[in-house]
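Asks: Here you go, sequence then predicted model.
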Amino acid sequence: MAAALSALKANRTKIWVGAVTLLLVFYLVVSFERSLLLMSDQSLVAKAIGVAYLVLPVIGAWALVRELLFGARTERLAKILEAEGGLPEDTLPRTPAGRIIREAADLEFEKYRAEAEAAPDDWRSWFRLSCAYDAAGDRKRARASMRDAVRMFRAGAQKP
């Protein structure tokens, strides 16, 4: 029983992603079915709404696949860095509520920014910079840096 609870706790993010993915897939299937139903109606207005409604599942499926691939690729890079001993340590001070203290994260960020500037073609430095952005609360730049790291990794993996 303790092993099962430990496994659930270790994989709770993956379980949550799986549950949300299943709900989104259900929504996309229902949306697609409803759009086909509207397009089969005799009314031109219903047909137009059906065609417009068909766009939602297409965009939703594209976004779902894109985000799942991003997560899988990010996890792959994290495992490689962990095996190499290159993951940044989480030593930042926190508030009693568990939030990282912003000033400390900003100071730590400078170290990783300098590392990325010194090695602009190394995916590892961009991965660590992404972690620093995330700790500093800048999610948009964190995702952009992680996308850069994934792109660099994939480009390096395809070279002979």
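Replies: Noted; the coordinates are in hand. Keep in mind that this is a model prediction, so the values were computed, not measured. Numbering: from 1, shown residues only.
Asks: Spatially nearest residue to the spatially most central residue of the chain (excluding sequence neighbours)?
Replies: The centre of the chain sits closest to G71, judged by C-alpha atoms, centre = their mean, with a distance of 4.3 Å. Nearest residue to G71, sequence neighbours excluded (C-beta to C-beta, 6 or more residues apart in numbering): V17, at 6.9 Å. In short, each C-beta sits where N, CA and C put it, glycine included.
Asks: burial measure for the one you found, as a count.
Replies: V17: 14 surrounding residues under other C-beta atoms under 10 Å.
Asks: same question, L38
Replies: L38: 19 surrounding residues under other C-beta under 10 Å.
Asks: Isn't it up against V45?
Replies: No: assessed by C-beta atoms under 8 Å, L38 is found out of contact with V45, at 9.4 Å.
Asks: which stretches of the chain aren't confidently modelled?
Replies: 1, 7, 157-160 (pLDDT under 70).
Asks: Run the chain-centre distance for the longest helix seen in it.
Replies: Ranked by residue count, the top helix of the chain under DSSP state H comes out as helix 44-84. Remark: helix 44-84 is offset 11 Å from the chain centroid, using C-alpha atoms, centre = their mean, to the nearest Å.
Asks: who does that helix touch, helix- and strand-wise?
Replies: helix 12-39, helix 123-135, helix 139-158 (3 or more C-beta pairs under 8 Å, 6 or more residues apart in numbering; DSSP states H and E).
Asks: Could you report the neighbour count for the residue lying closest to M146 once chain neighbours are set aside?
Replies: Leaving aside its sequence neighbours, M146 sits nearest to S130 (C-beta to C-beta, 6+ apart; 4.1 Å). If you count neighbours by other C-beta under 10 Å, S130 ends up with 26.
Asks: contacting residues for S130?
Replies: A142, R143, S145, M146, A149 (C-beta atoms under 8 Å, 6 or more residues apart in numbering).
Asks: Repeat that for M39.
Replies: So M39 contacts A46, K47, G50, V51, L54 (C-beta under 8 Å, 6+ apart).
Asks: do the same with L92
Replies: With C-beta under 8 Å, 6+ apart, L92 has these contacts: I100, I101, A104, A105, E108, A135.
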